[in-house]
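>>> Sequence plus predicted model, see below.
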Amino acid sequence: MLRGVLPVLVALPVVILFEQLLAAAPFATYLLSIMGVNIILAVSLNIVNGMTGQFSIGHAGFMAVGAYVAGVLSLALKEVALSFLPVAVSDQVFLLVALLLGGVVSAVCGFVVGLPSLRLRGDYLAIVTLGFGEIIRVVVQNTDAFGRALGLSGIPQTAGLGMVGFWVFLVVLVARRLAGSSHGRSLWAIREDEVAAEAMGVDTTGYKVRAFVISAFFAGIAGGLFAHFVPIINPGSFTFVKSMEVVVMVVLGGLGSTTGAIIAAMFLTLLPEALRSAFTVMGAEGSLAQKVDQIRMPVYGLMLVALMLLRPQGLFGTREIWEVLPRWLPRRRKGLA
Amino acid sequence: MAQLLQHLINGLASGTIYALVALGYTMVYGVLKLINFAHGDVMMVGVYMGYATAFTLGRQEQKTFLGVVLIFLVAMGGCALLGFLIERFAYRPLREKPRLTSLITAIGISFTLSYGFQLDIGFLPGAAPRAFPEIIVPTEWLIIGDRDVVVWNWQVMSLLIAVGLMVGLQYLVFKTRFGRAMRAVSYDHRVAALMGIPTDRVIALTFMIGSALAAGAGLLYAIKDTSVSPLMGLYVGLKAFVAAVIGGIGHVPGAVVGALLLGLVEEFVVGYAASTWRDAVAFGILILVLLVKPGGLFGRVAAEKV
């Protein structure tokens, strides 16, 4: 028990320290929060796409569910505070409740979507999750409570780096512990050979659906966090493009590698920003800096194709960074004292 | 009553267009067991090729019979080439790799095409939808009563083209040498290769036929919608896929029946419920079909052999 909780206990003060230090730098805080949300998305998607070998491309749909459910709840409870707690703490309690509700609703959606499609071969899941993302968009655009196409604004901006960091550590912890558990072993078996796994007595559909539900839960949490630090959420924030971004992170990092997903998420969050500022510093071509966002999408597509052709295992394959790094470092000679 | 009839006609007309796209999905799936994600986007590229041809021909020429034929030929030929290139350079190298890799590649190509065409660099058209020229001047073909029910000429044409192509395809698959080769490859491509069937060529040709069909369907769709945009491929392609699954993927007549059903359901939802929900209907049906009858109306869920 302690071993599981310890990393969070150690990490939390560090993140809160960060939050305090960066209080004066709103852009850095924003960028780090986005990075955190992307890490949660990538690591959770990796549970399905990487460890289980199923292919979901509708992660943004689950993110949207979490964002809207949590956002609506927070808007409704905006004026409420727990009187026996300081305001800041009470805000965080409400945020946590909203996030959890968003995550649970998203997990339920994951169950509804996953059950029919995961019974079948892998490629159905891809299409169904893509369709699910579209349904969510249509539902949001047709529901007054969700602000239709205009989106929701005025959600209390209570999600600081502390809360984002807490969930990042939690999702990484869950993913790592899952990968090493007997439950995770079954997921790996399904990934390697579904027929053989079934013959070995693995309840393939059950494990796949459970992995999918866990993944959807964390996507919902990521969405909820997102809703509590951006000024406005609208259907445009959760399109197919967002889903693809997460897919690229997972594939680039290596299908099945949690640290790979984290590093790829950090890299792909920073890269557009870096390019944009590089182009701006280079001056003159202001339009080029604006084009970064446009060019990003086809580049992601080409990157997927190139990765599959040249290095289908991604950056790390199924290994973690500490398994890969020693081989890259200069080898220590043995036998010579 | 008249309203019902009108919706029926409109639904069938859009269903036939989905059917043509769905045929491409089903054929490729039948041969390769691969859902060609990029199929809809190949269709979109074809529509842009047709658009460019119509533009080059000019206002007068594009409306003549020869002009229309030329537009269709350029689009279908161009798409066949594009389909060939995609198969040759993206799918063929991965054929013996795990299925997941080809699926990811297909998604990547789809993404590259649909978002690449949204750039406005060089010849690429940019994200804004464009008006598609009226290469077939819409005329009423049949009017019942006081314009209660109107059948347009393009509706009749697309129905005829779709049925004709379906019959042709059925003939190709079941009555010709090439069709026998296709079925052999579909059954087991390694054994087929041992029997002297040029599997690579058969697969490449299947891709080319499917892509050409998609281009034709895309042009019909653009004529109906009078617009063309880079994201049309994604939506039409997805709905066509849903149609193929309803019919039982890999089953040629099934794809057509599924597409007609989907066209009708969509039309009735738009007509009697709310038009804004149209895009959600197809996926709702998809999830329902997968839950109740995952093999589709005509297909079977085959146990995977090892």
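Yes, it's here.
>>> ok, A:V80 touching A:F94?
Yes: using C-beta atoms under 8 Å, A:V80 is in contact with A:F94, at 7.2 Å. C-beta here means a position set from N, CA and C on the backbone, and glycine is covered the same way.
>>> quick one, which of these two is more surrounded?
A:F94 (19 against 9; other C-beta atoms under 10 Å in any protein chain shown).
>>> which parts of the helix or strand hosting the more buried one are buried?
Using DSSP states H and E, the element containing A:F94 is helix A:87-118. The neighbour-count check on helix A:87-118 (16 or more other C-beta atoms under 10 Å in any protein chain shown) flags A:90-92, A:94-95, A:98-107, A:109-110, A:113-118 as buried.
>>> Now do the strands in the chain.
Looking at chain A here, since you left the chain open. A:152-153, A:232-233 (DSSP state E).
>>> Can you look at chain B instead?
B:130-131, B:140-144, B:149-152, B:227-228.
>>> can you map out the helices along chain A?
Under the criterion DSSP state H, chain A contains helices at A:2-21, A:26-46, A:59-76, A:87-118, A:122-141, A:161-180, A:182-192, A:194-199, A:204-227, A:240-253, A:258-281, A:286-310, A:321-328.
>>> Serialize those helices to JSON lines and add fields for distance to A:G147.
Shown next, in JSON lines, are the helices of chain A (distance: least, C-beta to C-beta, whole Å):
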{"stretch": "helix A:2-21", "distance to A:G147": "29"}
{"stretch": "helix A:26-46", "distance to A:G147": "20"}
{"stretch": "helix A:59-76", "distance to A:G147": "9"}
{"stretch": "helix A:87-118", "distance to A:G147": "16"}
{"stretch": "helix A:122-141", "distance to A:G147": "8"}
{"stretch": "helix A:161-180", "distance to A:G147": "23"}
{"stretch": "helix A:182-192", "distance to A:G147": "38"}
{"stretch": "helix A:194-199", "distance to A:G147": "42"}
{"stretch": "helix A:204-227", "distance to A:G147": "12"}
{"stretch": "helix A:240-253", "distance to A:G147": "18"}
{"stretch": "helix A:258-281", "distance to A:G147": "26"}
{"stretch": "helix A:286-310", "distance to A:G147": "24"}
{"stretch": "helix A:321-328", "distance to A:G147": "41"}
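>>> Can you tell me, leaving aside adjacent residues, what's nearest to the closest residue to chain A within the stretch 201-306 of chain B?
Chain A sits closest to B:F283 of the stretch 201-306 of chain B, with a gap of 3.2 Å, by C-beta to the nearest C-beta. Computed as C-beta to C-beta, 6 or more residues apart in numbering or on different chains, the closest residue to B:F283 that is not its neighbour in sequence is A:G131, at 3.2 Å.
>>> just B:L70 next, same as before
That would be B:T53: by C-beta to C-beta, 6+ apart, it lies 6.5 Å from B:L70.
>>> hang on, the earlier thing: against which helices or strands is the helix holding A:F94 packed?
When contacts are defined as 3 or more C-beta pairs under 8 Å, 6 or more residues apart in numbering or on different chains; DSSP states H and E, helix A:87-118 sits against helix A:59-76, helix A:122-141, helix A:161-180, helix A:204-227, helix B:278-292.
>>> Minimum distance to B:T64: which of the ones you listed has it?
helix B:278-292 (34.7 Å; C-beta to C-beta).
>>> those helices in chain B, which residues are they?
B:2-32, B:39-61, B:65-86, B:99-116, B:153-175, B:177-187, B:189-194, B:199-225, B:232-247, B:252-272, B:278-292.
>>> Pick the most deeply packed of those.
Mean neighbours per residue, mean count of other C-beta atoms under 10 Å in any protein chain shown, is largest over these for helix B:232-247, with a mean of 27.
>>> Using PDB, write down the CA coordinates of that one.
The C-alpha coordinates for helix B:232-247 follow below in PDB (Å, rounded to 0.1, in the frame of the first residue of the first chain):
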ATOM      1  CA  MET B 232     -16.000  15.800 -47.200                       C
ATOM      2  CA  GLY B 233     -14.000  12.600 -47.600                       C
ATOM      3  CA  LEU B 234     -13.900  12.000 -43.800                       C
ATOM      4  CA  TYR B 235     -17.700  12.200 -43.400                       C
ATOM      5  CA  VAL B 236     -18.800  10.500 -46.600                       C
ATOM      6  CA  GLY B 237     -16.200   7.900 -46.100                       C
ATOM      7  CA  LEU B 238     -17.300   7.200 -42.600                       C
ATOM      8  CA  LYS B 239     -20.900   6.900 -43.500                       C
ATOM      9  CA  ALA B 240     -20.000   4.600 -46.400                       C
ATOM     10  CA  PHE B 241     -18.100   2.500 -44.000                       C
ATOM     11  CA  VAL B 242     -21.100   2.300 -41.700                       C
ATOM     12  CA  ALA B 243     -23.200   1.200 -44.700                       C
ATOM     13  CA  ALA B 244     -20.600  -1.500 -45.500                       C
ATOM     14  CA  VAL B 245     -20.800  -2.800 -42.000                       C
ATOM     15  CA  ILE B 246     -24.600  -2.800 -42.000                       C
ATOM     16  CA  GLY B 247     -24.600  -4.900 -45.100                       C
END
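>>> What residues does the stretch 151-300 of chain B have near chain A?
B:234, B:238, B:241-242, B:245, B:274, B:276-277, B:279-280, B:282-284, B:286-287, B:290-291, B:294 (C-beta under 8 Å from any C-beta of the partner chain).
>>> Do I have it right that the residue of the stretch 201-306 of chain B closest to chain A meets A:G133?
No: if you go by C-beta under 8 Å, B:F283 and A:G133 don't touch, sitting 9.1 Å apart.
>>> Comparing the strands of chain A by mean pLDDT, which bottoms out?
Mean pLDDT per stretch puts strand A:152-153 lowest among those, at a mean of 84.
>>> Can you tell me the strand partners of that strand and which way each runs?
Next to strand A:152-153 in the sheet, as set by DSSP bridges, lie strand A:232-233 (antiparallel).
>>> List just the one of the helices of chain B that sits closest to A:F279.
helix B:99-116 (19.5 Å).
>>> what's the average pLDDT for the closest one?
Helix B:99-116 comes out at a mean pLDDT of 87.
>>> give me the low-pLDDT residue ranges for chain B?
B:122, B:300-306 (pLDDT under 70).
>>> ok, back up a step: and B:V45, which of the helices and strands packed on helix A:87-118 is closest to it?
Short answer: helix A:122-141, nearest of the helices and strands packed on helix A:87-118 by C-beta to C-beta, at 19.8 Å.
>>> And the closest one, what does it pack against?
So helix A:122-141, by 3+ C-beta pairs under 8 Å, 6+ apart, packs with helix A:59-76, helix A:87-118, helix A:240-253, helix B:99-116, helix B:232-247, helix B:278-292.
>>> Can you give the distance from stretch B:181-201 to the centre of its chain?
Centroid separation between stretch B:181-201 and its chain, computed with C-alpha atoms, centre = their mean, to the nearest Å, is 25 Å.
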